[in-house]
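In: Sequence first, then the predicted structure, then my questions.
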Amino acid sequence: MNHTFMQRIILLVEDNEDDVFFMRRALQKAGVDLPLHIVMDGQQALDYLEGKAAYGDRNQFPIPHLMFLDLKLPYVHGFGVLTWLRSHTSLHNIPVVVLTSSPEERDRQKAHELGAKAYLVKPPTREMIQEAMQFAEGLR
């Protein structure tokens, strides 16, 4: 992906503070030392990705190298974020890993149909993070 503003950062779209904590811990255990940007709902995720509203400064809020996306989000559901992302050609190559509490096969299938690289069930583990980071490695 040749996006001018892309930097090696991770965007976490997660509305639960406990899950944010578990993600930070899993990243640390996996030895991932990339900046983690967090947005708390689906609309904030769209604003961040579009670089609008509070996220207009691309130096401060660069295009993510990898995105972890919860499905059950306020305002815009995770599937809505995925659908939106895949319809924007300048952003559709961002690897998205769905990280959710839903083990439902239909959710897993829909996530893959919408272009998610992986579907992980919470809480994240060191191994899950290491696996997910492989999707972003090809973008260096």
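Out: Nice, thanks for sending it over.
In: Report the contact partners of the closest residue to Leu114 other than its chain neighbours.
Out: Closest residue to Leu114 apart from its sequence neighbours, by Cβ to Cβ, 6 or more residues apart in numbering: Leu82 at 4.1 Å. Glycine gets a C-beta too; all of them are placed from N, C-alpha and C. Neighbour list for Leu82: 69, 96, 98, 111, 114-116 [criterion: Cβ atoms under 8 Å, 6 or more residues apart in numbering].
In: got TSV for the residues you listed, with distance to Met133 and neighbour count too?
Out: Compiled in TSV, these are given as follows (distance: Cβ to Cβ, whole Å; neighbours: other Cβ atoms under 10 Å):
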residue	distance to Met133	neighbour count
Leu69	15	23
Val96	13	26
Val98	15	27
Ala111	18	23
Leu114	21	18
Gly115	18	15
Ala116	15	25
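In: sorry, back to before: so how far is Ser90 from the residue nearest to Leu114?
Out: As defined by Cβ to Cβ, to the nearest Å, Leu82 lies at a distance of 16 Å from Ser90.
In: For the closest residue to Pro124 other than its chain neighbours, pull up the helix or strand it's in.
Out: Leaving aside its sequence neighbours, Pro124 sits nearest to Ala26 (Cβ to Cβ, 6+ apart; 4.0 Å). Remark: Ala26 resides in helix 17-29, with elements defined by DSSP states H and E.
In: Could you export that helix as PDB, CA atoms only?
Out: Extracted in PDB, the C-alpha atoms of helix 17-29 (Å, rounded to 0.1, in the frame of the first residue of the first chain):
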ATOM      1  CA  GLU A  17     -11.800  -0.300  28.500                       C
ATOM      2  CA  ASP A  18     -11.100  -3.800  29.900                       C
ATOM      3  CA  ASP A  19     -10.600  -5.100  26.300                       C
ATOM      4  CA  VAL A  20      -8.300  -2.200  25.600                       C
ATOM      5  CA  PHE A  21      -6.300  -3.300  28.600                       C
ATOM      6  CA  PHE A  22      -6.100  -6.900  27.500                       C
ATOM      7  CA  MET A  23      -5.000  -5.800  24.000                       C
ATOM      8  CA  ARG A  24      -2.200  -3.600  25.400                       C
ATOM      9  CA  ARG A  25      -1.100  -6.500  27.500                       C
ATOM     10  CA  ALA A  26      -1.200  -9.000  24.600                       C
ATOM     11  CA  LEU A  27       0.700  -6.600  22.300                       C
ATOM     12  CA  GLN A  28       3.400  -6.200  25.000                       C
ATOM     13  CA  LYS A  29       3.700 -10.000  25.500                       C
END
